[in-house]
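sequence first, predicted model second:
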Amino acid sequence: MTDTDPRTRSEAASAAAPAPAPHPATGPVPAGTSTPAYVYDLAAVRSAHARLRSWLPEPSTLYYSLKANPHPAVVSVLHRLGCRAEVSSPGELGAALEAGVPASDILYTGPGKRDEDLAGALAAGVRDFAVDSVHGIGQLDRAAARHGVRVGYLLRVNPGGGSRGAGLRMTGDPSAFGADAEDIRDHPERYTGGEHARIEGLHLYLATNITDEAALGDSLGEAIEVARTLYEAIGRPLRTIDLGGGFGAPYAREGELPAYPGLAARMTGHLDRALPGWRQHAPAVAFESGRYLTATCGQLLTRVLDVKESHGQRVVVLDTGINHLGGMAGLRRVPPLHPDVVGPEGVGPDDADRTTATEPLGPAMLCGPLCTPLDTWARSSPLPAIAPGDLLRVPNTGAYGLHASLVLFLGHPAPLEVVTDGGRVVRSDRLTFVRSAGP
Ligand SMILES: Cc1ncc(COP(=O)(O)O)c(C=O)c1O
């Protein structure tokens with residue numbers, strides 16, 4: 001018996017243990033989907049949004065951070081649910097506009113903005129920005145003056161300290177993100193703006209991917225305290241305090257979105273003490289999320305291209321890798337990925353319930369198609385017997401999937417992106433990269 005013999009695998013399948021349950025958030029694989037393919041289910045986006053809103057204090061604004069997944073169908077559904085858009089590049093701005101988000105609902109953030117990026121955003125009608133430095137304020141003021149408009153900005157703050165329990169801490173160390181809280185407190189006049197760009201709020205984003213409620217409460221509580229101190233130091237009314245987020249989500253493995261049942265009550269009390277006008281939007285309180293809103297809507301489908309023994313280890317080569325998922329994995333930023341086996345052949349609804357074998361064959365090295373040893377999702381994956389043509393699925397890849405990857409390296413086609421709504425396919429397309437003449 002070899003692990004490349006389809007007949008043997010089918011027999012093993014017929015004697016198999018119960019079929020794996022469909023992925024809870026994403027359901028069965030749409031029939032006729034070619035691989036590699038991302039499948040995003042809008043019903044899962046709606047459900048994540050309802051969950052996140054239920055954990056937030058009211059009233060509050062929720063921004064969707066497009067960096068997690070700028071697919072227009074995803075952005076559009078979140079906007080229709082009431083989210084504003086947080087964008088950090090001309091590409092994300094274009095994606096938000098394409099999705100139907102009006103410029104008045106867009107916040108343009110990011111630590112490095114080119115003059116032409118600001119000019120493009122202003123021309124598109126964006127009037128809300130976040131800035132990260134004294135230079136950034138002057139740059140925005142000059143851009144607004146050239147455009148003949150007045151704009152407001154949120155001043156991003158880099159407080160001292162940091163958040164415990166965070167997947168990725170964003171502040172407290174030397175960083176591109178934000179101005180030092182101490183400098184703002186001691187020299188507020190440096191940060192209040194010029195004639196065309198005036199401070200209208202504060203922007204905090206202390207950490208991401210905090211799954212523990214107490215740790216998230218501490219992080220957001222720290223943000224509230226920093227905002228309170230700086231609000232006093234600035235000494236003028238501010239329109240918005242954007243407390244950021246840090247809401248966690250499973251990444252490329254089975255798992256549920258975390259629950260934060262006590263967060264709203266804890267934050268409400270804290271906000272009442274620190275920013276007493278917040279219930280009357282004076283200032284309005286805002287939050288941002290990318291991964292919580294989209295992680296569980298997505299799955300990545302991939303086929304096995306080759307299986308071989310290499311110096312005593314089984315090596316499985318897939319039709320996708322760090323070019324489509326886990327570019328950050330290639331950079332050793334995420335743990336090993338272990339896909340589920342969906343079935344040996346097609347991807348119709350019947351196949352979605354099939355599995356190829358029950359017996360693990362021993363760990364396999366799981367590689368993508370790129371010509372670099374970095375294109376390895378796992379050095380030791382507990383895969384059963386699989387063969388070329390088999391279909392695998394990586395769950396919970398709706399956030400930081402395709403758009404956090406090394407898509408141009410080696411020039412493989414981008415994966416298909418299929419959008420479903422409760423399992424029904426509503427859209428299917430593919431990004432293409434086109435070389436065009438530059439100025
Ligand atoms: C300013 C800002 N907003 C929002 C996000 C989105 O984070 P997440 O996807 O973890 O919600 C990030 C992530 O780094 C960020 O830096």
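Okay, I see it.

got the contact list for whichever residue of the stretch 301-439 of the chain sits closest to the ligand?
Per C-beta to the nearest ligand atom, A399 is where the stretch 301-439 of the chain lies closest to the ligand, at 6.0 Å. The C-beta positions use only the backbone N, C-alpha and C, and glycine is treated the same way. By C-beta atoms under 8 Å, 6 or more residues apart in numbering, A399 lies in contact with A68, N69, A249, Y251, G290, R291, L293, T294, A295, G298.

three-state assignment of it?
coil (DSSP: H, G, I helix; E, B strand; the rest coil).

ok, it to L66 distance?
11 Å (C-beta to C-beta, to the nearest Å).

what do these two both touch?
G290.

the contacts of A399 in helices, which ones?
Using DSSP state H, the members of the contacts of A399 that fall within helices are R291, L293, T294.

what's the average pLDDT for stretch 44-52?
Average pLDDT, stretch 44-52: 98.

again, but for stretch 144-164
87.

and it with the ligand, contact?
No. Judged by C-beta under 6 Å from any ligand atom, stretch 144-164 makes no contact with the ligand; its nearest approach is 7.5 Å.

I figured L263 was touching A215, is that so?
No. Here L263 does not reach A215: they are 11.0 Å apart, not a contact under C-beta atoms under 8 Å.

quick check, the residue in this protein closest to the ligand?
G290 (2.7 Å).

chain neighbours aside, what residue packs nearest to that residue?
Sequence neighbours aside, A68 is the residue nearest to G290 in space, at 2.8 Å (criterion: C-beta to C-beta, 6 or more residues apart in numbering).

contacts only, for that neighbour.
S289, G290, R291, L293, T294, A295, G398, A399, Y400, H403.

what does A144 give?
Here A144 is in contact with L122, R150, V151, H196, A197 (criterion: C-beta under 8 Å, 6+ apart).

neighbour-wise, give me the winner out of those.
Highest neighbour count within the contacts of A144: A197, with 27 neighbours (other C-beta atoms under 10 Å).

so what pairs up with it in the strands?
V151 (DSSP bridges).

wait, doesn't it sit right on V134?
No. Assessed by C-beta under 8 Å, A197 is found out of contact with V134, at 12.0 Å.

direction included, what does the helix or strand hosting L366 pair against?
According to DSSP states H and E, L366 maps onto strand 364-367. Applying DSSP bridges, strand 364-367 is found paired with strand 313-318 (parallel), strand 376-381 (antiparallel).

looking at those, which one has the lowest mean pLDDT?
Among the strands paired with strand 364-367, strand 376-381 scores lowest, at a mean of 92.

would you mind listing the buried residues in it?
Buried residues in strand 376-381, counted by 16 or more other C-beta atoms under 10 Å: T376, W377, A378, S381.

for stretch 114-131, same thing?
D117, L118, G120, A121, L122, A124, V126, R127, D128, F129, A130, V131.

what's the farthest-apart pair in these?
Longest distance between any two of the buried residues of stretch 114-131 is 18.0 Å, between A124 and V131; criterion C-beta to C-beta.

what mean pLDDT does stretch 103-121 have?
97.

could you do stretch 242-255 as well?
Here the average pLDDT along stretch 242-255 is 95.

any stretches of this structure with poor pLDDT?
Within the chain, the segments meeting pLDDT under 70 span 1-28, 161-172, 327-334, 344-361.

domains in it, as residue ranges please.
6-39+296-430, 109-289 (automatic domain parsing).

related to what we said a few turns ago, contacts for the strand holding L366, please.
307, 310, 313-318, 321, 336-339, 375-381, 383.

just the buried members of the residues you listed?
The buried subset of those - by 16+ other C-beta under 10 Å - is 307, 314, 316-318, 321, 337-339, 375-378, 381, 383.

the residue nearest the centre of the chain and V407, how far apart?
In the chain, the residue lying closest to the centroid (C-alpha atoms, centre = their mean) is A68, at 2.2 Å. Counting by C-beta to C-beta, the gap between A68 and V407 amounts to 16 Å.

follow-up on the earlier one: okay if I get the strands paired with strand 364-367 as CSV plus distance to F177?
Formatted as CSV, those follow (distance: least, C-beta to C-beta, whole Å):
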stretch, distance to F177
strand 313-318, 35
strand 376-381, 29
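
wait, which of those is closest to P57?
Per C-beta to C-beta, nearest to P57 of those: strand 376-381, 38.9 Å.

which positions in the stretch 51-200 of the chain make contact with the ligand?
Contacts of the stretch 51-200 of the chain with the ligand, taken as C-beta under 6 Å from any ligand atom, map to S65, A68, E86, T109, M170.

out of those, which is most surrounded?
E86 (30 neighbours).

tell me the phi and psi of the nearest residue to that residue once chain neighbours are set aside?
Ranked by C-beta to C-beta, 6+ apart and with sequence neighbours excluded, the top spatial neighbour of E86 is Y63, at 4.1 Å. Main-chain dihedrals, Y63, degrees, to the nearest 10: phi -100, psi 140.

what ranges do the helices span in the stretch 251-400 of the chain?
263-274, 291-294, 327-330 (DSSP state H, counting those that start in this stretch).

nope, the stretch 51-200 of the chain is what I meant
Using DSSP H, counting those that start in this stretch, helices in the stretch 51-200 of the chain cover 72-80, 90-98, 115-124, 134-147, 181-186.

extract the C-alpha set from the longest one and format it as PDB.
Think helix 134-147. C-alpha atoms of helix 134-147 as PDB (Å, rounded to 0.1, in the frame of the first residue of the first chain):
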ATOM      1  CA  VAL A 134       4.400  66.300  14.000                       C
ATOM      2  CA  HIS A 135       5.700  66.000  10.400                       C
ATOM      3  CA  GLY A 136       2.500  64.000   9.500                       C
ATOM      4  CA  ILE A 137       0.400  66.900  10.800                       C
ATOM      5  CA  GLY A 138       2.300  69.500   8.700                       C
ATOM      6  CA  GLN A 139       2.100  67.200   5.600                       C
ATOM      7  CA  LEU A 140      -1.700  66.800   6.000                       C
ATOM      8  CA  ASP A 141      -2.100  70.600   6.600                       C
ATOM      9  CA  ARG A 142      -0.200  71.400   3.400                       C
ATOM     10  CA  ALA A 143      -2.100  68.800   1.400                       C
ATOM     11  CA  ALA A 144      -5.500  70.100   2.600                       C
ATOM     12  CA  ALA A 145      -4.400  73.700   1.800                       C
ATOM     13  CA  ARG A 146      -3.400  72.700  -1.700                       C
ATOM     14  CA  HIS A 147      -6.800  71.100  -2.100                       C
END
